[in-house]
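**Student:** let me see the structure of the following:
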Amino acid sequence: MNDAVKQTLSKVPEVVLGFWIIKILATTLGETGGDAVSMSMHLGYAVGSLIFLAVFIAAVIVQIRATRFHPLLYWLTIIATTTVGTTMADFADRSLGIGYAGGTTLLVLLLAASLAIGPTGPSSIDISANHGTVYQTNKEGKPTQGFLQIHNTGAADTLTGVNCPIADTSSLVGPDNQPIANLGIPAKQDVVLAPNGPHILLQNTHFSVQFGSIVPCSLTFRGAGVVSVYLYAKPAP
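**Tutor:** So this is what the prediction gives:
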């Protein structure tokens, strides 16, 4: 995976001075917001924790599903972590009556358990694709088919979409040219998009695909994000 693709897939901001300034402001806002709901609105730490936990879960789900960096979404997720963290810490310290020492011990144990259970290293997903082929056409608007090989050297993933700008519609289809919603990419295996199996169908092409021309496309994976490929035109059988 080249640097351009890695940058496209990044969903976090560059860590520079501005990042840390915004991080301080977001953390302060989150803690203030947590106290405002729990104390100023008299909802209590338990109710406040449940409210912000729901917001946090929703923000994390959207952030995970995003395929590129969205500043508002990213910082909303950061603020959600600080609000739910503040209210949960206050709930442990005050509502449970275990004090700061007990609350600190509880949170340290929960953090240790999270680190032990959850992944601590980089993502094991690593998807790439060979530049493939596409059948040439003799006129504009005629449908054509594209083929290539996908390499997966990491964890299992799913191909969820394809886009080739030269066509109005680019879709993943089966051997019968009927659309398929997605295609599983097994861990540490290669998957071939071929005429007798799943492949790419391009419909309503904007111009004829001449022999030797190059058609740019992008593949969208559920885990790996977007991978760019080129299809080289060749005669149809």
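
**Student:** look up how far residue 45 lies from the residue of the chain most remote from its centre.
**Tutor:** The C-alpha centroid of the chain is most remote from residue 97, which lies 40.5 Å away (CA atoms, centre = their mean). Noted for residue 97: a distance of 12 Å to residue 45, by CB to CB, to the nearest Å. C-beta coordinates here come from the backbone N, C-alpha and C atoms, glycine included.

**Student:** likewise residue 194?
**Tutor:** 59 Å.

**Student:** thinking again about what came up before, specify the local secondary structure of the residue farthest from the centre of the chain.
**Tutor:** When classified by DSSP: H, G, I helix; E, B strand; the rest coil, residue 97 comes out as coil.

**Student:** swap in residue 151?
**Tutor:** strand.

**Student:** quickly find the element holding the nearest residue to it once chain neighbours are set aside.
**Tutor:** Spatial nearest neighbour of residue 151, excluding adjacent residues (CB to CB, 6 or more residues apart in numbering): residue 128 at 4.9 Å. Assigned by DSSP states H and E, residue 128 falls within strand 127-129.

**Student:** what does that strand contact?
**Tutor:** With CB atoms under 8 Å, 6 or more residues apart in numbering as the contact definition, strand 127-129 has outside contacts at 1, 148-154, 157, 185, 219, 221, 223-224, 227, 229.

**Student:** just those residues now: which is nearest residue 103?
**Tutor:** The nearest member of the contacts of strand 127-129 to residue 103, counting by CB to CB, is residue 223 at 36.2 Å.
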